[in-house]
Each structure stands twice: as C-alpha cells, then as structure tokens.
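Colleague: Let me see the structure of the following:
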Amino acid sequence: MTEQGVVAVIPAKDEAQRLGATLSALARVPQVSAVIVVDDGSRDRTAVIAEQTGVLVCRHTRNQGKAAAMQTGAQAAGERHPGAALLFVDADLADSAAGLGVLCDPVLAGEADMTIAVLPPQDRAGGGFGFVVRPARDGIRELTGWEAAQPLSGMRCLTRDAFDAAMPLARGWGVEVGLTIDVLRSGGRVLEVPCALRHRVTGRGWRAQVHRARQYRDVRRALGARRRLGS
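Modeller: Sure thing, here's the model as predicted:
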C-alpha cells in the first residue's frame, strides 16, 4: 500500500471556463494529496484561476502539446513528491472529477501499475465514429495482445515506476496509446476502471475534424515508433 496518495497533474490549454470546477471537485478526492496544473500556452485566465486555488502552476510560454504538458507536470511532481503515484486529469471534467478516487485505489493498493478510466456515454452526441479509436485499439492489441475498451482515455493513474519506464512519452495526442503500450511492454499491470466522468464532447464541426486528424496523425506516429522498437 502506497502511503503518499497521488499527485494529480492537469494539462490545460484555454480551460478557464471549466478548470475551477474541476479543481474544486478534485479537492474532494481523498486519495489526491497534491495538484499540479500545467498551463500549456493558454490565452485566457487558465493559469490565474489555478493560482487562485493555491495549487502549483507550471507555465509553458507557448503551446507544446499534451504530452509535453504531462511530462512537465510529472517532473514537478517528482521534485516535490518523490515516488508518489500520478493521476492525469483532463481539465474539463468539472464536478465529475470528484469520482476519480476509484481510479486511484487499485494503484495505491498495489493491484495495478496503471489504471485507465472508462467513461459512460456522454450527455451530448458528438463522437468521431471510431476514426481514431479503431486504429488505436487495433494497434495496442497488435503490439501487446491487450484489448482496450477506451484506448484514448486521458484519465489514468499510474505508479511513478510505471511512468518512468514509459519515458520518453509519445508526442502530442499519441501519448495515451504510447503510454499504454510502453507500460504493458515493461511488464506493468493495466486495468480499465469504469468512472462516472463527464467532459466536453469534441463535436463534429470543422474544428473537431481538424482535431481528429491531428489525433489520428499522432496515434499513427506513436504506433509506428513502437512497431520499429519491437522489430
């Protein structure tokens, strides 16, 4: 049993509208002992809102992408809370972030090296018809033999050792797929856990399609790099 609890790391870009509620909800999760917000080049009041709650804020002067923000947060966590488990949290979960404790428990109890949140159907339609999910799931299965229900889920808790074994992280939006493969390949135990989380749905407008195209690109890059390592 890990006594330190977990350090929550929140990569955030232009999340001023929902970040405050997410932080308030996290404060009600007893397993979370510290929170770090990484402001990834926001143009709104994301960093100001985080600082007002008293959490540690790390700032990127320009947007560097989700993987870089996760790495910055993990580095800060390692400096201040050596050995503590990490809980990666999307900034837009708002009040539903209070349900993240179930994701921490198996890691803290030594029953898993990494847990991944499985979200319920969201309140508003707007998915991408599996455009990115299918190749992500197929690639993880091909390279590890493990079947992921939600391979792109960003909410995950993992031990410090599991995180360090997965370095360097896959770039950009390929980070979750790369992290899953790398933890499994290093012998880690990965468990998907149902969590009653609600986040902002991407939608199906042109901006959403551009986002999915970038996601698809980064996932393919992460899979390609890991295929080469395994050959």
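Colleague: which strands and helices sit next to the longest helix along the chain?
Modeller: Using DSSP state H to define each element, the chain has its longest helix at helix 206-230. Contacting helix 206-230 under the criterion 3 or more CB pairs under 8 Å, 6 or more residues apart in numbering; DSSP states H and E are the following elements: helix 133-144, helix 175-185. Heads up, the C-betas are built off the backbone N, CA and C, glycines and all.
Colleague: From start to finish, how long is stretch 41-51 in a straight line?
Modeller: End-to-end span of stretch 41-51 (CA to CA, to the nearest Å): 15 Å.
Colleague: what does stretch 159-175 give?
Modeller: 17 Å.
Colleague: Report the buried residues of it.
Modeller: By neighbour count on 16 or more other CB atoms under 10 Å, the buried set for stretch 159-175 is 159-160, 162-163, 165-166, 169-175.
Colleague: what would the residues you listed look like in a markdown table with pLDDT, distance to residue 184 and secondary structure?
Modeller: As requested, these are exported to a markdown table (pLDDT from 0 to 100; distance: CB to CB, whole Å; DSSP: H, G, I helix; E, B strand; the rest coil):
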| residue | pLDDT | distance to residue 184 | secondary structure |
| --- | --- | --- | --- |
| 159 | 98 | 14 | coil |
| 160 | 97 | 17 | helix |
| 162 | 97 | 10 | helix |
| 163 | 97 | 14 | helix |
| 165 | 94 | 10 | helix |
| 166 | 95 | 10 | coil |
| 169 | 96 | 15 | coil |
| 170 | 96 | 14 | coil |
| 171 | 91 | 19 | coil |
| 172 | 88 | 21 | helix |
| 173 | 90 | 19 | helix |
| 174 | 94 | 15 | helix |
| 175 | 96 | 15 | helix |
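Colleague: Out of those, the closest to residue 65 would be?
Modeller: residue 172 (4.6 Å; CB to CB).
Colleague: Next, the most centrally placed residue in the chain: secondary structure please.
Modeller: Residue closest to the average C-alpha location in the chain (CA atoms, centre = their mean): residue 154, at 3.2 Å. What DSSP: H, G, I helix; E, B strand; the rest coil gives for residue 154 is coil.
Colleague: show me what contacts it?
Modeller: Shown in contact with residue 154 (CB atoms under 8 Å, 6 or more residues apart in numbering): 66, 88, 90, 176.
Colleague: And for residue 120?
Modeller: Shown in contact with residue 120 (CB under 8 Å, 6+ apart): 194, 196, 197.
Colleague: From those residues, list the buried ones, please.
Modeller: For the contacts of residue 120, buried by 16+ other CB under 10 Å: residue 197.
Colleague: Among the contacts of residue 120, which one sits closest to residue 24?
Modeller: residue 197 (15.1 Å).
Colleague: That closest one: what secondary structure?
Modeller: Per three-state DSSP, residue 197 ends up coil.
Colleague: Surely it and residue 119 touch.
Modeller: Yes - look at residue 197 against residue 119 with CB atoms under 8 Å: they come within range, at 5.1 Å.
Colleague: Quick check: the gap between residue 99 and residue 120.
Modeller: Using CB to CB, to the nearest Å, residue 99 is found at 10 Å from residue 120.
Colleague: Now do the shared contacts for these two.
Modeller: Taking CB under 8 Å, 6+ apart as the criterion, residue 99 and residue 120 both touch 196, 197.
Colleague: Pairing partners for the longest strand along the chain, with directions?
Modeller: In the chain, taking DSSP state E as the definition, the longest strand is strand 32-40. Next to strand 32-40 in the sheet, as set by DSSP bridges, lie strand 6-12 (parallel), strand 56-60 (parallel).
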